[in-house]
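Peer 1: take a look and give me a structure for this.
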Amino acid sequence: MGNDNDAHSAVYWERGSTSTERASSILNKVTGLFGARHELKRLFLVQIRPRNKPWRRQVRENHPMDSDIERAHVLLLQHPVLASLKFGGKFPLQHLLQATADAFIITVVVHMNKKALKETTGQRKDLPLHMACSKGYPHTVIQVMFNGFPDALRRRNDHRFFPIHYAIKSWSGVDSNVVKFLVEQDPSMVMQKGPIFPGGDDEMDLLQLAFFHSLSRDEIDIIVRHYCTEKTSLDIECGVIGLDQAEALCKILPQLKTFKCWPTAWTIDGFVTILKAFEDNESIETVAALLLPNFLTRQEKVAAHFALTSFISKNRVIKAITFALPSREQGLGLGNTWMATIAGGMMTNHQIRFMQLENFRFSENVLTSFLADGSAPERTSFLRFRVEEDPEEVLDRREVWKKCAVRMLVMIPDRDEDIAGIANKLPRMVNRMPALTIFGFVTRQPTDIDMTQQAVQIIEKNYLGTLVFMGPRFDCNPICEALKTNRALRMCHIGRAFDSEEKKLCLLNVLQTHNTSLTDLGNEFAGLAQCGDHFDSDVSRDERVKYWTNLNECGRAKVRSQYHLLTPFVDLLCNSSNLVETPMENFNVHFGLLREKPALWLAALR
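Peer 2: As a prediction, this is how the structure comes out:
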């Protein structure tokens, strides 16, 4: 065997020499196993570096490292035993995979040492199968690796990825043969979730990731064929959905009950195809999100709006749906047009019970018409919206609101200018809706806009059952005065109106002495000090608040205003036992109701 100096000197040659001279130099100067080992060590640790280079290229680049990889291959062919040795903590197979060696070289080295298929490497603790899938190697290489160590298919690395997750997100291109081979070996891998991004908490199953990484129809079809038939919900976030992706997606719609689709863009063919599939679908009951596109040409707009109107008017299964626009900044006309299209379809659809419109920018009259003419379902929500003023206002015309069937209305503006645009119109709009029982106005961030007057005007109308205001500023005194005479509100949550001890005590006094309808105050009493004249000092604040709300729940208002005979009063006491949770609460409620009408039972006793 030659010494180390001979081995190291064997790899240095003049750059201008021919390939034949180089090979001759290697064969003549690197002799014996010892010299080959030292030469491989120098190649793997010094010359050959990890790189990202797809092996599939129509024109091979003359990369300087290619000759080093070929020399390593020659040495391994001459001395196969070296494939079982580690160089720098890694087997030759791992070094060659990191350097993206040719598929033929990888296949040969795998057969030399199948033990390396079980070894992890790198910060991610990748198995060779992970590395081969991420580098975009063909299915022949993947098959050889799988046959050598089948369990690698079901092993996660430290980033929680399975090999198949790398196969569908390979930057060098997705090979449908690789996806098909891996899925067929274990169809359950289709349902295994993996992170969207390395180290992230959000995970998707294989079908979701396939859409997220914009795979072709062939790859998606393979996954759909093995998708679990018991899966009833699907959430799609992806790039552009064209005709091919839409047709592949339509194959799985019949088994779903909940569907959400949020692409960055649609093609007109893809959008129309999905909507036509919804027309005859008899399984999906909830569409959690459907992004409405902004098509450029007139023909595309006509086709899209006709398809949406047809879908809404013909579908008789969907009960809840959310329509969203990409951005409110796309103009007033886009929001008005889509809302008019939705309203047209809803005129004949009475199955949808809940609808949310997100990122809509519309005029005041369009909003009024949608809510008032019977188009809006009984539960309607607006998220991140903006209302623009109209020269001719129709909001105050009472006859406009006669057909309004909305029972629940939730409005969630995004910015201060959006709040200012709708704040002054809220009381008039809410008070014109005859069937409304639940109203919520929630800002995404706390704001300094004062909406005390609006809240008081809504409370004084005395017909809402649930009222929620969160985000704006409020003055507690006018609100407490309005609550004293209100006999309809059961749930009232007005954030920031009772943000001090004194304000909370004011509200508790109203609950104790005047209001007989409130049964739920949300978290308004967080941090309230102990108070009240019917409780010992060791009784918690939550129990005192619950005492008064329990009295209201069990019929405090009826006791005060209706009962003059003992028998119906006793029946009320008996029924109240079913509305409280513990025997102690039951005792407190009975005691409290007796205190409300002492003359009745004292007179009966006499």
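
Peer 1: every contact and neighbour count from this point should use C-alpha atoms.
Peer 2: Will do.

Peer 1: if I look at the closest residue to residue 145 other than its chain neighbours, how far off is residue 204?
Peer 2: Nearest non-adjacent residue to residue 145, counting by Cα to Cα, 6 or more residues apart in numbering: residue 129, 6.5 Å away. Plainly put, residue 129 is 21 Å away from residue 204 if you go by Cα to Cα, to the nearest Å.

Peer 1: what about the two, which has more around it?
Peer 2: residue 129 (30 against 19; other Cα atoms under 10 Å).

Peer 1: got the contact list for the more buried one?
Peer 2: Shown in contact with residue 129 (Cα atoms under 8 Å, 6 or more residues apart in numbering): 117, 142, 145-146, 152-153, 163.

Peer 1: next step: these restricted to helices.
Peer 2: 142, 145-146, 163 (DSSP state H).

Peer 1: and these, which are buried?
Peer 2: For those, a neighbour count by 16 or more other Cα atoms under 10 Å gives the buried set as 142, 145-146, 163.

Peer 1: can you give me the helices for the stretch 501-606 of the chain?
Peer 2: For the stretch 501-606 of the chain, the helices defined by DSSP state H, counting those that start in this stretch cover 501-513, 541-553, 556-561, 566-576, 583-596, 598-605.

Peer 1: closest one to residue 209 among those?
Peer 2: Among these, the nearest to residue 209 by Cα to Cα is helix 541-553 (46.6 Å).

Peer 1: average pLDDT across that closest one?
Peer 2: For helix 541-553, the mean per-residue pLDDT is 74.

Peer 1: export it as CSV, just CAs?
Peer 2: The C-alpha coordinates for helix 541-553 follow below in CSV (Å, rounded to 0.1, in the frame of the first residue of the first chain):
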residue,chain,number,x,y,z
ARG,A,541,-67.7,37.7,43.4
ASP,A,542,-68.6,35.1,40.7
GLU,A,543,-71.1,33.5,43.0
ARG,A,544,-72.8,36.7,43.8
VAL,A,545,-73.2,37.7,40.1
LYS,A,546,-74.4,34.2,39.3
TYR,A,547,-77.0,34.6,42.1
TRP,A,548,-78.7,37.5,40.5
THR,A,549,-78.5,36.1,37.0
ASN,A,550,-80.0,32.8,38.3
LEU,A,551,-82.9,34.7,39.8
ASN,A,552,-83.6,36.3,36.4
GLU,A,553,-83.2,33.0,34.6
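
Peer 1: quick one: list the elements packing against it.
Peer 2: helix 501-513, helix 583-596 (3 or more Cα pairs under 8 Å, 6 or more residues apart in numbering; DSSP states H and E).

Peer 1: let's see that with 7 Å instead.
Peer 2: When contacts are defined as 3 or more Cα pairs under 7 Å, 6 or more residues apart in numbering; DSSP states H and E, helix 541-553 sits against helix 583-596.

Peer 1: give me the residues contacting the helix it packs on.
Peer 2: 550-551, 556, 559-560, 573, 577, 580 (Cα atoms under 7 Å, 6 or more residues apart in numbering).

Peer 1: quick one: that helix to helix 566-576, angle?
Peer 2: 150 degrees (axes from the mean of the first three to the mean of the last three Cα atoms, to 10 degrees).

Peer 1: got the contact list for residue 408?
Peer 2: Residue 408 sits next to 378-380, 436-439 when contact means Cα under 7 Å, 6+ apart.

Peer 1: hmm, try it at 10 Å
Peer 2: 354, 377-381, 435-440, 464, 466 (Cα atoms under 10 Å, 6 or more residues apart in numbering).

Peer 1: now, among those, which is nearest to residue 48?
Peer 2: residue 381 (59.8 Å).

Peer 1: list the contacts for that closest one?
Peer 2: Residue 381 touches 322, 354-358, 408-412, 439-441, counting by Cα under 10 Å, 6+ apart.

Peer 1: reformat the residues you listed as JSON lines; add distance to residue 173 and secondary structure.
Peer 2: Below are the contacts of residue 381 laid out as JSON lines (distance: Cα to Cα, whole Å; DSSP: H, G, I helix; E, B strand; the rest coil):
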{"residue": "322", "distance to residue 173": "35", "secondary structure": "strand"}
{"residue": "354", "distance to residue 173": "42", "secondary structure": "strand"}
{"residue": "355", "distance to residue 173": "40", "secondary structure": "strand"}
{"residue": "356", "distance to residue 173": "38", "secondary structure": "strand"}
{"residue": "357", "distance to residue 173": "38", "secondary structure": "strand"}
{"residue": "358", "distance to residue 173": "35", "secondary structure": "strand"}
{"residue": "408", "distance to residue 173": "49", "secondary structure": "strand"}
{"residue": "409", "distance to residue 173": "48", "secondary structure": "strand"}
{"residue": "410", "distance to residue 173": "46", "secondary structure": "strand"}
{"residue": "411", "distance to residue 173": "45", "secondary structure": "strand"}
{"residue": "412", "distance to residue 173": "42", "secondary structure": "strand"}
{"residue": "439", "distance to residue 173": "51", "secondary structure": "strand"}
{"residue": "440", "distance to residue 173": "49", "secondary structure": "strand"}
{"residue": "441", "distance to residue 173": "48", "secondary structure": "strand"}
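
Peer 1: adding distance to residue 66 and pLDDT, write those out as CSV.
Peer 2: Putting the contacts of residue 381 into CSV (distance: Cα to Cα, whole Å; pLDDT from 0 to 100) gives the following:
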residue, distance to residue 66, pLDDT
322, 54, 95
354, 62, 96
355, 60, 95
356, 58, 94
357, 57, 93
358, 54, 92
408, 68, 94
409, 67, 94
410, 64, 94
411, 63, 93
412, 60, 92
439, 69, 94
440, 66, 93
441, 65, 93
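
Peer 1: with distance to residue 75 added, can I get those residues in JSON lines?
Peer 2: Below are the contacts of residue 381 laid out as JSON lines (distance: Cα to Cα, whole Å):
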{"residue": "322", "distance to residue 75": "63"}
{"residue": "354", "distance to residue 75": "70"}
{"residue": "355", "distance to residue 75": "69"}
{"residue": "356", "distance to residue 75": "67"}
{"residue": "357", "distance to residue 75": "66"}
{"residue": "358", "distance to residue 75": "64"}
{"residue": "408", "distance to residue 75": "76"}
{"residue": "409", "distance to residue 75": "75"}
{"residue": "410", "distance to residue 75": "72"}
{"residue": "411", "distance to residue 75": "72"}
{"residue": "412", "distance to residue 75": "69"}
{"residue": "439", "distance to residue 75": "77"}
{"residue": "440", "distance to residue 75": "75"}
{"residue": "441", "distance to residue 75": "74"}
